[in-house]
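Need a 3D model of the sequence below.
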Amino acid sequence: MKLPGGMAADEFLRNYWQKKPLVIRQAFPGMGSPVSADELAGLACEEAVESRIVIENDKGKPWQLYNGPFDPERFSQLPESHWTLLVQGLDHWVPDVADLLEHFRFVPNWRLDDIMASYAPIGGSVGPHFDQYDVFLLQAQGHRRWTFGGQCDETASRVEGTPLRILSDWQGAETVTLAPGDMLYLPPGIGHHGVAEDDCITLSVGFRAPTIDDLLTGFSDYLCNQPDAGAHLSDPDLQCPDNPGAISTDVILRLQELIARRMTDPRQIALWFGQFSTAPKNPDMIVPAEPALTADETREQLAGGAALRWNEGSRFAYHEFDDETALFVDGEQFILRGEARALGPLLCRGNRTQGSAIAGFAQDPALGGLINTLINQGHLYLE
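Okay, here's the model as predicted:
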């Protein structure tokens with residue numbers, strides 16, 4: 001497996017991933033932007049699309065942030081330069097952008113987040129800052145000058161008077177200018193500042209990294225929803241205490257064993273994490289098919305050469321147990337057994353599965369029903 005640009009994925013993960021930046025020239029030779037500035041502005045006017053405008057100096061106020069959706073007239077009111085439009089989750093709305101994610105499958109599906117588009121006229125920027133996630137910055141149109149370097153943390157000084165977390169007194173270690181097709185990888189915590197040298201569009205391929213709080217809260221909520229969570233603590237061997245105010249060591253040990261048994265069960269952790277990590281970022285994207293297909297119609301189309309494609313807002317993953325495979329789709333789990341286990345890895349390998357590869361599974365009544373259900377619920381569609 002290779003990165004865009006040709007570097008072996010193993011070499012990248014060993015030497016650069018979460019370690020140091022990497023500039024990849026012509027990662028996508030002949031790159032043309034899959035969206036125009038006008039199309040991004042149109043998306044930013046939609047209620048369901050997350051968008052922002054950052055103006056470097058707005059009537060004397062530094063780095064002002066405005067959240068969409070925007071009225072179309074808002075764009076005619078912007079200054080000629082030094083502003084940026086950000087559209088989050090562009091891959092959810094543009095299939096050609098979603099296809100770019102197929103070049104980043106050297107990182108597990110559960111780590112992929114989405115692709116954000118940044119349009120800026122000359123001088124446009126979102127200021128010097130750092131992120132807590134890995135990102136590939138792909139230049140799709142125009143040129144952007146990036147200065148980057150230096151590990152940052154929450155103690156770094158910030159610019160006052162702005163809702164953005166803009167670094168002050170920051171000096172980068174390296175400066176490069178990216179042309180269309182060039183790409184810059186940045187690990188978490190690396191300070192960076194990108195400035196448009198002309199009308200430019202940058203695509204940011206971001207990767208999720210849940211916080212410890214997210215993990216602990218998510219798993220404890222999952223355990224609280226299990227069938228036995230309503231059972232009461234019992235103590236049939238209760239003995240008369242020397243002091244009724246004392247909490248005995250035996251009680252603490254019993255509580256420790258009860259909590260540890262649930263918190264350290266590998267199966268429960270796997271089932272929870274599969275659901276947790278595939279929960280869709282935008283549930284409104286998962287729309288039931290209209291009209292719904294019958295299982296026979298699905299089989300016919302697959303046999304006829306149609307491909308199965310993920311909904312652009314969907315997330316797929318799987319986990320292998322000893323005797324079964326758990327398939328996770330948009331926060332739901334499906335347990336596969338026997339020959340059906342092969343369906344999980346097949347559906348999760350990429351966002352498109354050729355009909356010839358899956359038509360045989362669809363002939364099985366149960367698996368055909370599952371595939372048909374995933375289509376009708378909106379997780380997959382026939383292409």
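
So which residue is dead centre in the chain?
D113 (1.2 Å; CA atoms, centre = their mean).

wait, what's in contact with that residue?
Residues in contact with D113 (CB atoms under 8 Å, 6 or more residues apart in numbering) are Y133, G206, F207, R208, K281. In this view, the C-beta of every residue, glycine as well, is placed from N, C-alpha and C.

Could you identify the buried members of the residues you listed?
With neighbours counted by 16 or more other CB atoms under 10 Å, the contacts of D113 contain buried members at G206, F207.

how is this protein carved up into domains?
Here the domain parsing of the chain from automatic domain parsing is 9-207, 212-230+247-264, 283-382.

Q275: which of those domains is closest?
domain 283-382 (5.0 Å; CB to CB).

between the contacts of D113, which is closest to R261?
R208 (29.3 Å).

three-state assignment of the nearest residue to the closest one once chain neighbours are set aside?
Computed as CB to CB, 6 or more residues apart in numbering, the closest residue to R208 that is not its neighbour in sequence is D113, at 4.4 Å. The three-state label for D113, taken from DSSP: H, G, I helix; E, B strand; the rest coil, comes out as strand.

and stretch 337-350, how far apart are its ends?
22 Å (CA to CA, to the nearest Å).

again with stretch 121-138
The separation between the terminal residues of stretch 121-138, taken as CA to CA, is 17 Å.

which residues in the stretch 51-200 of the chain form helices?
Ranges of helices in the stretch 51-200 of the chain, per DSSP state H, counting those that start in this stretch, are 95-100.

What about Q64, how many residues nearby?
By other CB atoms under 10 Å, 18 other residues sit near Q64.

partners of it in the sheet?
Q64 forms beta bridges with I55, as assigned by DSSP bridges.

correct me, but it touches V54?
Yes: counting by CB atoms under 8 Å, V54 is a contact partner of Q64 at 7.2 Å.

which helix in the chain runs the most residues?
What stands out as the longest helix in the chain, according to DSSP state H, is helix 249-263.

mind checking how far the residue nearest to T353 when sequence neighbours are not counted is from A357?
Nearest residue to T353, sequence neighbours excluded (CB to CB, 6+ apart): L308, at 4.5 Å. Using CB to CB, to the nearest Å, L308 is found at 9 Å from A357.

These two: which has the busier surroundings?
More neighbours surround L308 than the other of L308 and A357, with 25 against 14 (other CB under 10 Å).

Tell me the pLDDT of that one.
On pLDDT, L308 comes in at 95.

Show me what it bridges to in the sheet.
T353, L382.

I'd like the distance between it and L302.
7 Å.

shared neighbours, these two?
Common neighbours of L308 and L302 (CB under 8 Å, 6+ apart) are G355, I358, I371, L382.

ok, so of those residues, who is nearest W83?
Using CB to CB, L382 is the member of those that lies nearest W83, at 41.3 Å.

For that closest one, list the residues it contacts.
L293, T298, Q301, L302, A306, A307, L308, R309, I375.

wait, the third one sits on G355?
Translated: Q301. Yes: at 7.2 Å, Q301 and G355 qualify as touching, with contact defined as CB under 8 Å.

Fine by me, we can end here.
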